[in-house]
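Undergrad: Have a look at this fold, sequence not included:
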Ligand SMILES: Nc1ncnc2c1ncn2[C@@H]1O[C@H](COP(=O)(O)OP(=O)(O)O)[C@@H](O)[C@H]1O
Ligand SMILES: [Mg+2]
């Protein structure tokens with residue numbers, strides 16, 4: 001992991017539309033997340049949180065600025081990468097509020113699919129999937145289909161899937177919203193643990209009062225501008 005790995009945004013702006021109806025959703029956003037670090041991103045509705053995750057995830061194009069992911073400059077007043085689809089598939093783990101598992105694949109194949117698509121041999125992809133399901137304490141459900149899993153189990157499978165290609169970056173949008181507070185904290189415990197284990201840089205967008213104290217650092221965003229706040233940093237040592 002080289003110097004500068006992790007996530008860096010410098011002067012990132014995003015304007016939707018043009019002329020009288022233009023919306024400046026991000027204005028000169030600066031943010032850094034080190035490998036192995038989990039930071040929170042909080043802010044009122046409409047403050048630019050989803051826009052920021054979409055820019056970082058190469059889903060939409062910023063208007064200007066510079067973005068580095070895993071030690072590589074991906075955007076510098078224009079995309080610096082050939083294939084944004086491959087970047088999203090192989091280098092970024094997305095965790096959404098809903099698990100979005102593929103209904104006709106069992107749990108292990110839901111996780112193994114991405115490494116297979118990235119060109120890993122099937123046996124290796126399945127071995128990696130099993131290892132992740134074990135780390136997330138859901139390996140006993142490996143052969144179950146999504147409809148046979150509880151909500152918490154589905155969310156853990158979707159986290160395993162986000163980690164399957166060992167992405168240097170994970171972007172999570174309200175990952176604990178559908179879970180009760182105990183399961184939400186369990187998910188955060190797993191994210192903190194795996195960030196350390198795989199040196200992943202993780203951003204978690206959240207409104208969840210229960211998990212906010214688990215962040216050592218929090219970025220607050222308001223009107224498209226980020227402000228770093230000290231997290232309570234209580235951590236998860238229980
Ligand atoms: N596709 C779009 N076209 C125009 N304006 C948008 C679009 N998406 C978001 N916005 C506007 O950009 C601002 C930030 O939105 P968003 O990033 O979704 O905020 P948050 O996720 O914090 O609620 C809001 O004013 C929103 O209305
Ligand atoms: Mg949003």
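TA: The structure has been received and is ready for your questions. Keep in mind that this is a model prediction, so the values were computed, not measured. Ligands and ions are numbered 1, 2, ... in the order given.

Undergrad: interface residues of this protein facing ligand 1?
TA: By the rule C-beta under 6 Å from any ligand atom, the part of the chain lying against ligand 1 is 16-17, 23, 25, 43, 45-51. In this view, the C-beta of every residue, glycine as well, is placed from N, C-alpha and C.

Undergrad: repeat that with 8 Å
TA: Residues of the chain lying near ligand 1 by C-beta under 8 Å from any ligand atom: 14, 16-17, 23, 25-26, 43-54, 60, 205, 221, 224.

Undergrad: Okay, and which of those residues map to strands?
TA: Those of the residues of the chain next to ligand 1 mapping onto strands are 14, 16, 23, 25-26, 205, 221, per DSSP state E.

Undergrad: which of those residues has the most neighbours?
TA: Ranked by the number of neighbours (other C-beta atoms under 10 Å), these place residue 26 first, at 27 neighbours.

Undergrad: and that one, how far is that from ligand 2?
TA: According to C-beta to the ion, to the nearest Å, residue 26 stands 13 Å off from ligand 2.

Undergrad: check contacts around that residue.
TA: 12-14, 48, 51-52, 55, 62, 224 (C-beta atoms under 8 Å, 6 or more residues apart in numbering).

Undergrad: swap in residue 107?
TA: Counted by C-beta under 8 Å, 6+ apart, residue 107 has contacts 101, 133, 138, 141-146, 149, 153, 157.

Undergrad: Excluding covalently adjacent residues, which one is nearest to it?
TA: Excluding its sequence neighbours, the residue lying closest to residue 107 (C-beta to C-beta, 6 or more residues apart in numbering) is residue 157, at 4.8 Å.

Undergrad: Please list all residues in contact with that neighbour.
TA: Listed by C-beta under 8 Å, 6+ apart, the contact set of residue 157 reads 99, 101, 107, 110-111, 133, 136, 138, 141, 146, 149.

Undergrad: Please repeat the previous calculation with a cut-off of 10 Å.
TA: 99, 101, 106-108, 110-111, 129, 132-133, 136, 138, 141-142, 144, 146, 149 (C-beta atoms under 10 Å, 6 or more residues apart in numbering).

Undergrad: Secondary structure element for the residue nearest the centre of the chain, which one?
TA: The centroid of the chain falls nearest to residue 171 when counting by C-alpha atoms, centre = their mean (1.6 Å). Under the criterion of DSSP states H and E, residue 171 resides in strand 169-173.

Undergrad: Relative to residue 188, which of the ones in strands among the residues of the chain next to ligand 1 is nearest.
TA: Nearest to residue 188 among those is residue 205, at 13.0 Å by C-beta to C-beta.

Undergrad: Now for the closest one: which residues touch it?
TA: By C-beta under 10 Å, 6+ apart, the residues touching residue 205 are 40-43, 49-50, 52-53, 97, 171-175, 177, 219, 221.

Undergrad: and the residues you listed, which are buried?
TA: Buried subset of these (neighbour count, 16 or more other C-beta atoms under 10 Å): 40-43, 49-50, 52-53, 171-175, 219, 221.
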